[in-house]
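> any chance you could fold what I've pasted below:
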Amino acid sequence: MSPNWRGHWSRKSPASAEYREAVRLYCLNQRNLEKRWAPFSRPVMDLTFVFAQERNRDEDNMRARFKPGLDGLVDAGLLVDDNPSRLITGRLDTIVDKGRAPLTIIELKEAGNDEDVHHRW
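Below you'll find the predicted structure:
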């Protein structure tokens, strides 16, 4: 989902839709498994990207890479909206691990409430 990918849009568009739907379904499943789940009103979102190779990556491109996933979080009802008034973008980390890549770890916690509501997917 790199914003710098130079392939044709007709290949990227279905991949983006598939990624968005995969995030939506996974989050719905995780949300339904949690017994104390409540929708977030203004969460902090931390992202960890797991890659197979060590490379120099720009933070803004990393966040752009997650845009379909962010839309999937909204589609799943975990976020009301993804605009800055409703979502605080937190830390962004990268890990190199060939055995787990590609993987995105999403951590959401309600702003100002570190102990009660914290979800990691």
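> tell me where this structure has strands.
Using DSSP state E, the strands of the chain run over 43-51, 88-96, 103-110, 118-120.
> can you list the ones you listed in CSV and add mean neighbour count and distance to residue 7?
(C-beta placed from N, C-alpha, C; glycine too.) Below are these laid out as CSV (neighbours: other C-beta atoms under 10 Å; distance: least, C-beta to C-beta, whole Å):
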stretch, mean neighbour count, distance to residue 7
strand 43-51, 19, 19
strand 88-96, 13, 23
strand 103-110, 17, 20
strand 118-120, 14, 32
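> possible to save those as JSON lines with distance to residue 18 and mean pLDDT?
Formatted as JSON lines, those follow (distance: least, C-beta to C-beta, whole Å; pLDDT from 0 to 100):
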{"stretch": "strand 43-51", "distance to residue 18": "18", "mean pLDDT": "95"}
{"stretch": "strand 88-96", "distance to residue 18": "23", "mean pLDDT": "94"}
{"stretch": "strand 103-110", "distance to residue 18": "14", "mean pLDDT": "92"}
{"stretch": "strand 118-120", "distance to residue 18": "23", "mean pLDDT": "55"}
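> how about those strands, which one is nearest residue 70?
strand 43-51 (8.0 Å; C-beta to C-beta).
> now the chain, which segments are flagged as low pLDDT?
1-6, 9, 35-38, 113-121 (pLDDT under 70).
> go with 80
1-12, 34-39, 113-121 (pLDDT under 80).
> now do the buried residues in the longest helix belonging to it.
Longest helix in the chain, counting residues (DSSP state H): helix 9-33. Using 16 or more other C-beta atoms under 10 Å as the test for burial, helix 9-33 gives 12, 16, 19, 20, 23, 24, 27, 30, 31.
> need those in CSV (columns: distance to residue 68).
Below are the buried residues of helix 9-33 laid out as CSV (distance: C-beta to C-beta, whole Å):
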residue, distance to residue 68
12, 10
16, 5
19, 4
20, 4
23, 7
24, 10
27, 13
30, 18
31, 19
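> which residues touch stretch 41-59?
62-63, 65-66, 73, 78-80, 86-98, 100-111 (C-beta atoms under 8 Å, 6 or more residues apart in numbering).
> how does it look with 7 Å?
62, 66, 79, 86-98, 100-111 (C-beta atoms under 7 Å, 6 or more residues apart in numbering).
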